[in-house]
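Trainee: Curious how this folds, go ahead:
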Amino acid sequence: MSIGVKTLLTQSVVDEADLSIGTERWIADTKIKGFGLRIWRRSYGTIGKAYALRFKGENGHPTRKTFETYRAHYDVWDERHWDHWFDQAPDGGERTRLPYDSITLGDLIEHARRWAQDEIDKVRGRKFIGDAEYKRFTFMTLDEEEAYQQDIIRKRIESYSLARVRDIVILNLKTQGISQQYIDRLDKVFDHYVPEDLKAKLIINVDLEDVRQILDQAPSISNLKILRGFLGRLVEFCQQHGVHGKLSRYRMAKLGPPKVKSVDFMTDGEQGWQDLFQYLEDTDDLWQQALCLRFYFLAATPPLSKVMSARWDQMKGFDFLRPKRNEGERFFIDWIYGTGWRSTYRLSQTTFDTLIKARDRASNCIGDSPYCFPSPSKHHIGKPITSVSVVWDRCLSDLKLPLISPKQAMNSYLAHLYPTRFPR
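Mentor: Sure, this is the predicted structure:
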């Protein structure tokens, strides 16, 4: 006896469906006619479930097919397994594999629907207009039509220049909610450092030597990283649409200046550090970035992002507006840049003097600002600086130091100050 009902098959409906009475039950899917879930009682008493298809073929005879789950089961497990693998133990701890039997029959519903539609199309056919390569008039299943459309997109992208792919990726970034400031910087760096002949070159003909030529023109490590990452996005976009040219993100990641370990950054010892700090204190044109870096190395503990956005109202304790303390008065300032005791830093006299120097310069050049290191840009009035890359890269270049980030330099400085706590 077969009992039939109609409903929209979902994961929960499939997994919770049961056979309380009778020997067989059919649950028809309302999304695809003829497709449904078959539930039956086996001869030895257990309950069986399977996705099935019941429809009439070209000759009018009823046709019944059952969905083979082994391939779809593996595909769903493989997709979820890697998400499960990388989501656990981000600190490098032990990872476990996702159990293979954690995938239920309900998890395969969309795979089964796609199979059912393809089976119906194979028997009845769907009229589709193609080109000469695919025959002018042909019948295609969903998979074949998808492959056809992907092939059209692939051929179209192969005819695009590097600049055209850049425009498409920039448009995609805007739809993903990426900040306009970051997009403008990508666009500006690309236009400035990529030669016109390379912009006009077909994306499939751009090779590793072309990328090396582009990166060699980037004078700073920050611009180099931005360029390399953005060019990697262009390559990834092409590969996602089946365009495999002469580039790969793995090979591009090896381009650029050789990596320098933090311990090898400063070879002149104490004198080298003093020269670097003096350079920052003597910088006049971009004093916000220079004093921000000087404060960063003095404070050591707070992250650079917090230093750049430091505000005067975060300084608690001694009245920093007074230029001098009374003789014998206890120096006491806490910089509270977050929540919790770990986000509190007690300023030393030298660190305090750096803030006073920044305040005096700001009052002379910009005026009153709630931020310790206000942006000099007329487009960001009343906002803090968001980068120190210009002064930092210029400092490394003038002092002939290796190109590393301020964070890496901080690690080197801490190893210099506390060799037992931060061994080389």
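
Trainee: ok, Leu247 - how many residues close by?
Mentor: Neighbour count of Leu247, defined by other C-beta atoms under 10 Å: 22. Where you see a C-beta, it was placed from the backbone N, CA and C, and this is true even at glycine.

Trainee: from memory Leu8 sits against Lys31, does it?
Mentor: Yes - with contact defined as C-beta atoms under 8 Å, Leu8 reaches Lys31; the gap is 6.1 Å.

Trainee: More neighbours: which of these two?
Mentor: Lys31 (12 against 9).

Trainee: Tell me the pLDDT of Ile204.
Mentor: Listed pLDDT for Ile204 reads 88.

Trainee: quick one, what contacts it?
Mentor: 158, 238, 243, 245-246 (C-beta atoms under 8 Å, 6 or more residues apart in numbering).

Trainee: Return the member of these nearest to Gln217.
Mentor: Lys246 (19.9 Å; C-beta to C-beta).

Trainee: which residues does the closest one contact?
Mentor: By C-beta under 8 Å, 6+ apart, the neighbours of Lys246 are 204-208.

Trainee: could you pull out the helices for the stretch 301-424 of the chain?
Mentor: Secondary structure of the stretch 301-424 of the chain (DSSP state H, counting those that start in this stretch): helices located at 304-308, 349-365, 389-398, 406-417.

Trainee: Asp285: neighbour count?
Mentor: 10.

Trainee: Just the element for it, please.
Mentor: For Asp285, there is no enclosing helix or strand under DSSP states H and E.

Trainee: That one and Arg361, how far apart?
Mentor: Distance, Asp285 to Arg361, using C-beta to C-beta, to the nearest Å: 11 Å.

Trainee: Please name the nearest non-neighbouring residue to Leu108.
Mentor: Ala72 (4.6 Å; C-beta to C-beta, 6 or more residues apart in numbering).

Trainee: Which strands or helices does the helix or strand where that neighbour lies pack on?
Mentor: Take DSSP H and E as the rule and Ala72 turns out to sit in helix 70-87. Here helix 70-87 touches helix 109-124, going by 3 or more C-beta pairs under 8 Å, 6 or more residues apart in numbering; DSSP states H and E.

Trainee: Check which residues of the helix it packs on are buried.
Mentor: Neighbour counts over helix 109-124 (16 or more other C-beta atoms under 10 Å) mark 109, 111-117, 119-121 as buried.

Trainee: which secondary structure elements does that helix contact?
Mentor: Where contact means 3+ C-beta pairs under 8 Å, 6+ apart, helix 109-124 is packed against strand 35-41, strand 47-56, helix 70-87, helix 142-158.

Trainee: That one versus strand 35-41: what angle between them?
Mentor: 110 degrees (axes from the mean of the first three to the mean of the last three C-alpha atoms, to 10 degrees).

Trainee: the inter-axis angle of helix 109-124 versus helix 70-87?
Mentor: 150 degrees.

Trainee: what's the average pLDDT for helix 109-124?
Mentor: Averaged across helix 109-124, the pLDDT comes to 83.

Trainee: so where's the stretch 301-424 of the chain shaky on pLDDT?
Mentor: Filtered on pLDDT under 70, the stretch 301-424 of the chain yields the residue ranges 317-332, 340-342, 379, 420-424.

Trainee: how far away is Tyr345 from Pro370?
Mentor: Here the distance between Tyr345 and Pro370 works out to 19 Å (C-beta to C-beta).

Trainee: Of those two, give the one with the bigger neighbour count.
Mentor: More neighbours surround Tyr345 than the other of Tyr345 and Pro370, with 21 against 12 (other C-beta under 10 Å).

Trainee: if I look at the nearest residue to the more buried one once chain neighbours are set aside, how far off is Arg113?
Mentor: Sequence neighbours aside, Trp335 is the residue nearest to Tyr345 in space, at 4.7 Å (criterion: C-beta to C-beta, 6+ apart). Going from Trp335 to Arg113 by C-beta to C-beta gives 58 Å.

Trainee: Gly229 too?
Mentor: 39 Å.

Trainee: ditto for Glu145
Mentor: With distances taken as C-beta to C-beta, Glu145 is found 16 Å from Arg113.

Trainee: got it, and Lys155?
Mentor: For Lys155, the distance to Arg113 - C-beta to C-beta - is 30 Å.

Trainee: can you check Ile385 too?
Mentor: For Ile385, the distance to Arg113 - C-beta to C-beta - is 54 Å.

Trainee: Can you pull out the low-pLDDT segments for the stretch 1-150 of the chain?
Mentor: Short version for the stretch 1-150 of the chain, where the test is pLDDT under 70: 1-4, 57-59, 84-94, 124-142.

Trainee: please redo it, this time with the cut-off set to 50
Mentor: Along the stretch 1-150 of the chain, the parts satisfying pLDDT under 50 run over 1, 127-137.

Trainee: Is the residue nearest to Val14 when sequence neighbours are not counted in a helix, a strand, or coil?
Mentor: Among residues not flanking Val14 along the chain, Gly106 sits closest, at 3.8 Å (C-beta to C-beta, 6+ apart). Using DSSP: H, G, I helix; E, B strand; the rest coil, the structure places Gly106 in helix.
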